[in-house]
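Asker: would you be able to build a 3D model of this:
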Amino acid sequence: MKTYTMALLAGVAIGAIAIQGLHAQGAKLKAYSISETEILDASFQATYLPAARKAIEAAHGRSLRTAAGRVVQIEGGPPPKGMGIVEWDSVDDAVAFYKSKAWADLAPQREKAVKVIRRYVVETEK
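Answerer: Numbers count the residues shown, from 1 in each chain. Take a look at the predicted model:
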């Protein structure tokens, strides 16, 4: 009976480890979208930012609220004048948002408020 119990416990432990490994393989990596911008009109930006943040939050993105923060050059060329960083659960979520109708609907406001120099998404490591 003791041998049977030990074998059962060993089987349960091996199964738990295997399931954990499968979950890890399927886990999505977090991602960050980075937007390098230049303010075109501060009054338009004041109305655009809350609307953009609301749309981002509705898509489960988390704005790090860097739009008004200082950007300090450390190496390389000059830094962008403005920087927006948003945390996403995955690259797929970020890309889906930036291709969404909600984001497209904000384009008229965005084009009056800021000039997007460059926008990209970076995936984190495991």
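Asker: strands of this structure, start to end?
Answerer: Counting by DSSP state E, one finds strands in the chain at the ranges 31-39, 62-63, 82-88, 114-123.
Asker: and the third one, average pLDDT?
Answerer: To tie it back to what came earlier, the one meant is strand 82-88. For strand 82-88, mean pLDDT rounds to 96.
Asker: quickly compare the strands of the chain and say which is most buried.
Answerer: strand 82-88 (a mean of 20; mean count of other Cβ atoms under 10 Å). In this view, the C-beta of every residue, glycine as well, is placed from N, C-alpha and C.
Asker: who does it touch, helix- and strand-wise?
Answerer: strand 31-39, strand 62-63, helix 91-98 (3 or more Cβ pairs under 8 Å, 6 or more residues apart in numbering; DSSP states H and E).
Asker: just put the ones you listed in TSV and tack on mean pLDDT and distance to Pro79.
Answerer: Compiled in TSV, those are given as follows (pLDDT from 0 to 100; distance: least, Cβ to Cβ, whole Å):
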stretch	mean pLDDT	distance to Pro79
strand 31-39	96	8
strand 62-63	97	20
helix 91-98	97	22
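Asker: Tyr48 is nearest to which of the strands of the chain?
Answerer: Closest to Tyr48 of those, according to Cβ to Cβ: strand 114-123, at 7.2 Å.
Asker: tell me which strands the closest one pairs with, and in which orientation.
Answerer: strand 31-39 (antiparallel) (DSSP bridges).
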